[in-house]
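*Asks:* Sequence and predicted structure, then a few things I'm wondering about:
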Amino acid sequence: MEIRADDLTGDKIQELLSRHLHTCAQHSPPECVFALDLDGLRAPELSFWSVWQQGILLGCGALKELAPDHGEIKSMHTCQQQRGKGVASVMVEFIISEALKRNYRRLSLETGSMAAFAPAHKLYQKFGFYECPPFAGYKADPHSLFMTLTLNPAGNCQPVVNARSFYV
């Protein structure tokens, strides 16, 4: 799998992000959908990557800087036909690695609390994320689950992230 910095101009990534927004809207009330559209993902405080294999788009993810020591995972999505193949794990590992390079002390995320988001909960828990209160202007709501991971930029995080080669 190859992870590439993505400028969000390609048709394939735009279609995937459209499906991501549609999926979020299917499972959450409109006021509780915090997924970003293309313009939101182009904000200067965001880095966006896509995952490819042999010319096939597998998924995507983003990292938003909230503060000099705190980042947020955004827009994690795996193509339906690629699920269960480790794409999301590769992306989370990459984002954690990037957060460590940036000397973040904390990496957080917001996801849906409903059963449809259970695979995401399990994924993030596997990497040591745990539930936390709302952060960065989010408000508590029954449709959102907030999670965070404490990072130690001088060393690494718990649990230890597997070393992989990434292409940017």
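*Replies:* Cool, the structure landed.
*Asks:* Now the biggest strand by length in the chain: average pLDDT?
*Replies:* Longest strand of the chain, by residue count under DSSP state E: strand 56-67. Over the span of strand 56-67, the pLDDT mean works out to 96.
*Asks:* do the same with stretch 125-132
*Replies:* 96.
*Asks:* so how far is the first residue of that stretch from its last?
*Replies:* Taking CA to CA, to the nearest Å, the first and last residues of stretch 125-132 lie 12 Å apart.
*Asks:* Tell me the buried residues in it?
*Replies:* F127, G128, F129 (16 or more other CB atoms under 10 Å). C-beta coordinates here come from the backbone N, C-alpha and C atoms, glycine included.
*Asks:* Find the nearest non-adjacent residue to the first one, please.
*Replies:* Take F127 and drop its neighbours on the chain: the residue closest to it by CB to CB, 6 or more residues apart in numbering is V92, 5.5 Å away.
*Asks:* Secondary structure element for the one you found, which one?
*Replies:* helix 87-101 (DSSP states H and E).
*Asks:* do the same with D39
*Replies:* helix 38-41.
*Asks:* Could you list every helix and strand that the lowest-mean-pLDDT helix or strand in the chain packs against?
*Replies:* Every helix and strand in the chain was compared by mean pLDDT, DSSP states H and E; the lowest is helix 11-27, with a mean of 80. Here helix 11-27 is seen to pack against helix 38-41, strand 56-67, strand 70-78 when contacts are counted using 3 or more CB pairs under 8 Å, 6 or more residues apart in numbering; DSSP states H and E.
*Asks:* ok, 7 Å please
*Replies:* strand 56-67, strand 70-78 (3 or more CB pairs under 7 Å, 6 or more residues apart in numbering; DSSP states H and E).
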